[in-house]
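> Sequence first, predicted coordinates after that:
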Amino acid sequence: MDALAAVAKMNMVLAGIDAGITVQDRTGRLLYANETAAQLLGGASVQSLLNTPVAQLVERFQQQAGHRGEAGADEFLTKPIDPAEL
């Protein structure tokens, strides 16, 4: 399977999950978000969410997490995934 086919397959799988899923680079910039994540984080669309500055996303998440009594954005945005755990 070539890289483009693998990315397309990954997008199809992640888009079908009901949970909000995002992928960030080391600086916190969004590289990927599914539709559920866009809705949960207040984006008008996935593309608008991907174009939102990181600081604004952190602020949104902190406000939403604070209303629910959950962890802050630092924990949310910086939790790396260890490929060995997959």
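Structure received. These numbers come from a predicted model, not from an experiment.

> so what's Y32 closest to, chain neighbours aside?
Computed as C-beta to C-beta, 6 or more residues apart in numbering, the closest residue to Y32 that is not its neighbour in sequence is V23, at 4.0 Å. All C-beta spots, glycine's among them, are computed from the backbone N, C-alpha and C.

> Which residues does the residue nearest the centre of the chain form beta bridges with?
The structure's the chain has its C-alpha centroid closest to T22; by C-alpha atoms, centre = their mean the separation is 1.7 Å. Taking DSSP bridges, one obtains A33 as the residues bridged to T22.

> any idea how far it is from M1?
Using C-beta to C-beta, to the nearest Å, T22 is found at 24 Å from M1.

> for F61, same thing?
Separation of F61 from M1 (C-beta to C-beta): 34 Å.

> Over to L49?
28 Å.

> Low-confidence stretches in this structure?
Low-confidence segments of the chain (pLDDT under 70): 64-86.

> let's see 80
1, 58, 60-86 (pLDDT under 80).

> any chance you could map the helices in it?
For the chain, the helices defined by DSSP state H occupy 3-15, 35-40, 46-50, 54-68, 73-77.

> I'd like these written out as JSON lines, with mean neighbour count and distance to R29 added.
Formatted as JSON lines, those follow (neighbours: other C-beta atoms under 10 Å; distance: least, C-beta to C-beta, whole Å):
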{"stretch": "helix 3-15", "mean neighbour count": "11", "distance to R29": "18"}
{"stretch": "helix 35-40", "mean neighbour count": "18", "distance to R29": "14"}
{"stretch": "helix 46-50", "mean neighbour count": "16", "distance to R29": "9"}
{"stretch": "helix 54-68", "mean neighbour count": "14", "distance to R29": "6"}
{"stretch": "helix 73-77", "mean neighbour count": "15", "distance to R29": "10"}
